[in-house]
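J.: using only what follows, build the 3D model:
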Amino acid sequence: MYLTKEEERILDGEQGEAPATAMKLLVAVGDVFGATKLIHAESAQISGISYKTIGDAGLEFIESLAESEAKASIYATMNPAGMDLENWREMGIPEEFAAKQSRIVSALKEIGVSPTCTCTPYLLTRRPVFGDHLAWAESSAVIYANSILGARTNREGGPMALASAIIGKTPMYGLHMNENRVPTVEVTVGSGLTSELDFSLLGFLIGSRMPHDVPLITLPRGSVDNTSLKALGAGMATSGGQALYHIAGLTPEWNILGKNTPRDRVSVDRLDLDRTKESLSKDSRPEDICIGCPHCNIEEIERISQMSKERRFVRRLLVFTSRYVWNLAKARSSLERITEAGGKVIKDTCMVVAPLSDLGVTRVLTNSAKAAHYLPSLCDASVGLRSLKECLEYATRRD
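T.: Take a look at the predicted model:
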């Protein structure tokens, strides 16, 4: 991989130990994937910051970078932590866990990473624009940035994204290049999609059936909102690892990368979605309701708030969102309505990377195929799947 003279000096350690370590990682990964050079990254998004997932080894690595005076040279954000950074006691988080989680966040802040603690950085005020090259790590954020915004990022690992934050560059390969963004399979959806859960299931189905393809999806007529697109991408990135999809007539690059005809065509109908739901939804009598995987946007919080006006949640309802959206919802009194109805809105963390078992959450109802996939293995929880409307209705029932 070609390096400029300045990049060679960084690699040789002339700017310090931390930049040299970061550059070595970028060069190593670039060489593995056949990158020709490094390119400027507009921003980085760092995953793997929950103490639950990275443990003491990850904590020590991040603290060692901070102690070596590593500094981010571009705008960088954090993925969800393992707890609400302010209200962790109310969550029931053990003190030892909280102390080590706080050390992780503090070290990243010292490096210069913004403590956003969200898997939806594209909802923040500073978000990518079409054509931006990024170094993002969170799978659901990567696929949204590529597909909906038309930005360009590979699905980076947490350390790789942190290295890019320090150097301000990322290797030029994969989805940074036009030829790798062309649709390879056409997916026609033959039945109406009536809820965000349907989009989540559709994404999970596409990912599991064609994990190495870039799909061009043709949807039936009807409205598609940002919540649905968020759910679609998250499902796809979970089961197949995709980082890009196109929707005919909607996404910015669906028809601008040439007239290449996808080599395969696949049809999806209602029965396919129902079978996908059956494969993921294993608990018919869940106890707790968890919403927000990926993090809820303000529209979802508002919808939950509106549905909270005339009901009381008798089952535990946990709603996960970013600090940014939490503050928006607080200003609109949406948090107050949800809390008065018996629900709880939690910021900075999510159901997948929080220690749910310590909170006594073991049987979960959710509207996210991503959560249904990860909760059994990461949180030892059984999961049922229903739409948001059905989840909230279930939360009011005592039977």
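J.: mind listing what's buried in stretch 330-349?
T.: The neighbour-count check on stretch 330-349 (16 or more other CB atoms under 10 Å) flags 334-335, 337-338, 341-349 as buried. (Glycine included, C-beta is placed from N, CA and C.)
J.: and stretch 357-368, by the same measure?
T.: Buried positions in stretch 357-368, judged by neighbour count with 16+ other CB under 10 Å: 359, 361-362, 364-368.
J.: and these as CSV, adding secondary structure?
T.: Converted to CSV, the buried residues of stretch 357-368 look like this (DSSP: H, G, I helix; E, B strand; the rest coil):
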residue, secondary structure
L359, helix
V361, coil
T362, coil
V364, strand
L365, strand
T366, strand
N367, coil
S368, coil
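J.: closest one of these to L205?
T.: The nearest member of those to L205, counting by CB to CB, is S368 at 14.3 Å.
J.: okay, that closest one: pLDDT?
T.: pLDDT recorded at S368 is 98.
J.: touching, it and A231? I think so.
T.: Yes: taking contacts as CB atoms under 8 Å, S368 lies within contact range of A231: 7.0 Å.
J.: state the phi and psi torsions of I62.
T.: phi -70, psi -40 (degrees, to the nearest 10).
J.: so how far is L108 from it?
T.: Distance of I62 to L108, computed by CB to CB, to the nearest Å: 6 Å.
J.: which neighbours do those two share?
T.: By CB atoms under 8 Å, 6 or more residues apart in numbering, I62 and L108 have these common neighbours: I49.
J.: let's have the buried residues of stretch 330-349 in a markdown table, adding distance to S208, secondary structure and pLDDT.
T.: Conversion of these to a markdown table gives the following (distance: CB to CB, whole Å; DSSP: H, G, I helix; E, B strand; the rest coil; pLDDT from 0 to 100):
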| residue | distance to S208 | secondary structure | pLDDT |
| --- | --- | --- | --- |
| S334 | 35 | helix | 96 |
| L335 | 36 | helix | 96 |
| R337 | 38 | helix | 95 |
| I338 | 34 | helix | 97 |
| A341 | 36 | coil | 96 |
| G342 | 36 | coil | 96 |
| G343 | 32 | coil | 96 |
| K344 | 33 | strand | 96 |
| V345 | 32 | strand | 97 |
| I346 | 30 | strand | 97 |
| K347 | 31 | strand | 98 |
| D348 | 31 | coil | 98 |
| T349 | 27 | strand | 98 |
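J.: and which of these is nearest G240?
T.: Closest approach to G240 among these (CB to CB): T349, at 25.6 Å.
J.: partners of the closest one in the sheet?
T.: Under DSSP bridges, the beta-bridge partners of T349 are A81.
J.: gap between it and R315?
T.: To R315, T349 is 20 Å away according to CB to CB.
J.: what of A163?
T.: Distance from A163 to R315, counting by CB to CB: 43 Å.
J.: and if you look at A18?
T.: From A18 across to R315, the span is 48 Å (CB to CB).
J.: what is the burial count for E17?
T.: Applying other CB atoms under 10 Å, we find 14 residues neighbouring E17.
J.: give me the nearest residue to N255, chain neighbours excluded.
T.: With CB to CB, 6 or more residues apart in numbering as the criterion, N255 has its nearest non-adjacent residue at 7.7 Å, and that residue is A248.
J.: list the residues that contact that neighbour.
T.: Contacts of A248 (CB under 8 Å, 6+ apart): 216-219, 254-255.
J.: may I see the residues you listed arranged in JSON lines, with pLDDT and distance to R89 as well?
T.: Listed next are the contacts of A248 as JSON lines, based on pLDDT from 0 to 100; distance: CB to CB, whole Å:
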{"residue": "L216", "pLDDT": "95", "distance to R89": "48"}
{"residue": "I217", "pLDDT": "96", "distance to R89": "44"}
{"residue": "T218", "pLDDT": "94", "distance to R89": "49"}
{"residue": "L219", "pLDDT": "94", "distance to R89": "45"}
{"residue": "W254", "pLDDT": "91", "distance to R89": "48"}
{"residue": "N255", "pLDDT": "85", "distance to R89": "52"}
